[in-house]
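*Asks:* need coordinates for the below:
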Amino acid sequence: MRAVKPARPESRLAMVRRARRINRELAEVYPYAHPELDFRNPFELLVATVLSAQTTDLRVNQTTPALFAKYPTPEDLAAAVPEEVEELIRPTGFFRAKTKSIMGLATALRDDFGGEVPGRLEDLVKLPGVGRKTAFVVLGNAFGVPGITVDTHFMRLARRWRWTESDDPVKIEAEVATIFPKSEWTMLSHRVIFHGRRICHARKPACGACPITHLCPSYGEGETDPEKARKLLKYEMGGFPGQRLNPPAGYPGRPAPPLGGEA
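*Replies:* A predicted model of the protein is given here:
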């Protein structure tokens, strides 16, 4: 019996072409991809993004209306009583550390930036509780500055799709930045994160319901039976409410319920 030759390693050029095709096809699947935090201005987006650490965007969106109603500006939040802020953001978890961060960044905005959120990476990452991921969320969605948001979903899918072998967010950001034009970075981030939340889950990807299996070198890591896979779909893909209480126009799913509301 003749030995089967092992598959040839994918060339860099082939990987780049495949990656860009994934991005194009995700754009067709999620033409409505957007940041899933409710916000009305850069300050609200910044605070909401800090609060989103180790919790869901849904829980943040259910929590921030009361927070921003009481503290609509950096000056208001900087002058708040910490215990009152803690109580308002308690549902997001780690509320004492998060209170320290958001009050600290509000104080820095008031004292160092005239009460305005800066539009530069080097300024944003100096704020308490703000790293590169948070900074790129704010830059891309509040200021239109391209950036790659490497959250847990982006990291997982970038590795599954063989765009990188790294597990370091800064290295992943740098490697993915060489694959795609800068103009695509922000929307690429939204599409990849959308796909990770809805279909390509961490524990059990819905491979049998995935529209880009023909481009995925990790096909088969999850459920491949189409019927079983469809039951794994989340948010609008599975017929459930999304994460935003106030989704943008064009979102095909149902708005999320307020805190304590029924889904």
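*Asks:* what pLDDT is listed against residue 5?
*Replies:* Reported pLDDT at residue 5 in the predicted model: 49.
*Asks:* tell me where this structure has helices.
*Replies:* Remark: helices assigned in the chain by DSSP state H are 12-29, 42-51, 57-70, 74-78, 82-89, 95-112, 121-124, 132-142, 152-160, 169-177, 185-198, 226-230.
*Asks:* in TSV, list those along with mean pLDDT, mean neighbour count and distance to residue 209.
*Replies:* For glycine as for every other residue, the C-beta is placed from the backbone atoms N, C-alpha and C. Below are these laid out as TSV (pLDDT from 0 to 100; neighbours: other Cβ atoms under 10 Å; distance: least, Cβ to Cβ, whole Å):
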stretch	mean pLDDT	mean neighbour count	distance to residue 209
helix 12-29	98	15	11
helix 42-51	98	24	30
helix 57-70	98	19	22
helix 74-78	98	19	42
helix 82-89	98	16	35
helix 95-112	98	19	35
helix 121-124	98	16	37
helix 132-142	96	23	28
helix 152-160	98	19	16
helix 169-177	97	17	25
helix 185-198	98	23	10
helix 226-230	98	14	4
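*Asks:* so which of the ones you listed is nearest residue 257?
*Replies:* The minimum distance between residue 257 and these falls on helix 57-70, with 7.8 Å, by Cβ to Cβ.
*Asks:* residues touching the closest residue to residue 139 other than its chain neighbours, list them.
*Replies:* The shortest distance from residue 139 to any residue that is not its chain neighbour, by Cβ to Cβ, 6 or more residues apart in numbering, is 3.9 Å, and that residue is residue 145. Contacts of residue 145 were listed using Cβ atoms under 8 Å, 6 or more residues apart in numbering, and they are 119, 121, 139.
*Asks:* how close does residue 145 get to residue 260?
*Replies:* The gap separating residue 145 from residue 260 is 36 Å, by Cβ to Cβ, to the nearest Å.
*Asks:* same check, this time on residue 39
*Replies:* In this structure, residue 39 lies at 21 Å from residue 260, with Cβ to Cβ as the measure.
*Asks:* likewise residue 239?
*Replies:* Counting by Cβ to Cβ, the gap between residue 239 and residue 260 amounts to 22 Å.
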